[in-house]
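In: no sequence on this one, just coordinates:
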């Protein structure tokens, strides 16, 4: 949001949403700090915020709450349908203010994966009641029994905390064992699961057992990695299926297996309404049409350590020459992790930062090989790449599921674009009568 304000918010959406933020003095501070009428000069860098950490400063907390409020507020405009927001367990420091901001705007669902989000349901309970809450932070090098927590108190931050509706919580998982553990041991109610297979875009769960790789260096998934839907049905909690479900017939198939529905990402990521850079979308669609689209499951790309799906696109960080040319650095810090230093202080490191810095903080140099700065690259993919001192702009990285190879099926009449409504028409291409008559394995 800070970068879009610096570009002048040309359509006025951000300022309109901030006008409804329940703490107007905070909205005024944010606009004063970041809004540039007409936008910043093209070659000027974006103003940075303080990097998130265990104890973020007040300005960053306010910005995080407001940004999440704005996203949900805008997503809910003009309709009465439910809106969800997706967070990563691996990105811990902004989680509490992010949840609160989304809840202020009335978010209906919170989804979280890339880890084990056992504490999130209880946090949602706390925030809905206007209570202070905490999140345990992963810190390496702690003494036995030692814990580090990140805290958030709505009243201390804003002077007030109205009661809020608790959103439903859906955990993104890949195994029934993890789902059963979350259902039993989470700090509050888990309302459902998104069961994500290894063909989904973004981060994937690593294969179970020792990791083996194919000739391209990709992790090899086997029978142990196929979700056991019978066990999911036994848990008795609603679930949705994800990973190559964005095709005709997959919705009815999922319902026949007992699912409540499906999660689709890739098909919507490249539609004309998405925030992805338009030229990147055109490049990917041209590759899909020609049959040359290549999606690589890169076990090293993400600083999180999870495999990450990367579309091989010229001029992006997935190109080896571009990756080698980029000067490594960490100035956003969303994926850096905390560690306890020898002097007892808490430090931060990221395997995508310069290797010498990472090693000086106790990291293993081998962990830096092939790591890509997803924080900067994903911002660049939506047209918000940072301008560097030498005048260059951060390169994007594009992620998609394996179903991206079939995006050309959504194109017609020699067009190089399609709409979100085109995707929905494909997904519900079976008649409502046919869907209603599908026999479920278990009631959902």
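Out: Everything's here; your move. Computed from a predicted structure; not experimentally measured.

In: Helices of the stretch 151-300 of the chain, start to end?
Out: Under the criterion DSSP state H, counting those that start in this stretch, the stretch 151-300 of the chain contains helices at 154-158, 176-185, 229-235, 250-256, 266-269, 278-290.

In: Show me what the last one is packed against.
Out: Same thing as helix 278-290. Using 3 or more CB pairs under 8 Å, 6 or more residues apart in numbering; DSSP states H and E, no helix or strand is in contact with helix 278-290. In short, each C-beta sits where N, CA and C put it, glycine included.

In: how about it: buried residues?
Out: In terms of neighbour count (16 or more other CB atoms under 10 Å), helix 278-290 has its buried residues at 280, 281, 283, 284, 285, 287, 288.

In: how about these in TSV, adding distance to residue 160 and pLDDT?
Out: Output for the buried residues of helix 278-290, formatted as TSV (distance: CB to CB, whole Å; pLDDT from 0 to 100):
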residue	distance to residue 160	pLDDT
280	42	95
281	42	96
283	48	95
284	46	96
285	48	96
287	51	95
288	50	94
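
In: of all those, which two lie farthest apart?
Out: 280 and 288 (12.7 Å; CB to CB).

In: picking up where we left off before, just name the most buried of the helices of the stretch 151-300 of the chain.
Out: Across the helices of the stretch 151-300 of the chain, the average number of neighbours (mean count of other CB atoms under 10 Å) peaks for helix 266-269, which reaches a mean of 23.

In: What ranges does this structure have for its strands?
Out: 84-88, 109-113, 133-136, 139-140, 149-152, 168-173, 192-196, 239-242, 261-263, 295-298, 308-311, 337-340, 346-349 (DSSP state E).

In: With respect to residue 222, which of those strands lies nearest?
Out: Evaluated over these, closeness to residue 222 peaks at strand 295-298, with 13.9 Å, by CB to CB.

In: what mean pLDDT would you report for the closest one?
Out: In this model, strand 295-298 has a mean pLDDT of 96.

In: Show me the contact partners of it.
Out: 198, 201, 204, 216-219, 307-312, 318, 370, 400-402, 404-405 (CB atoms under 8 Å, 6 or more residues apart in numbering).

In: Quick check on the residues you listed: which are buried?
Out: 198, 201, 204, 218-219, 307-312, 318, 400-402, 404-405.

In: quick one: the nearest residue to residue 35 once chain neighbours are set aside and residue 32, what's the gap?
Out: Excluding the flanking residues, the one nearest residue 35 by CB to CB, 6 or more residues apart in numbering is residue 5, at 4.5 Å. Distance, residue 5 to residue 32, by CB to CB, to the nearest Å: 10 Å.

In: ok, the two, which is more surrounded?
Out: Regarding residue 5 and residue 32, a neighbour count based on other CB atoms under 10 Å identifies residue 5 as having more, with 22 against 8.
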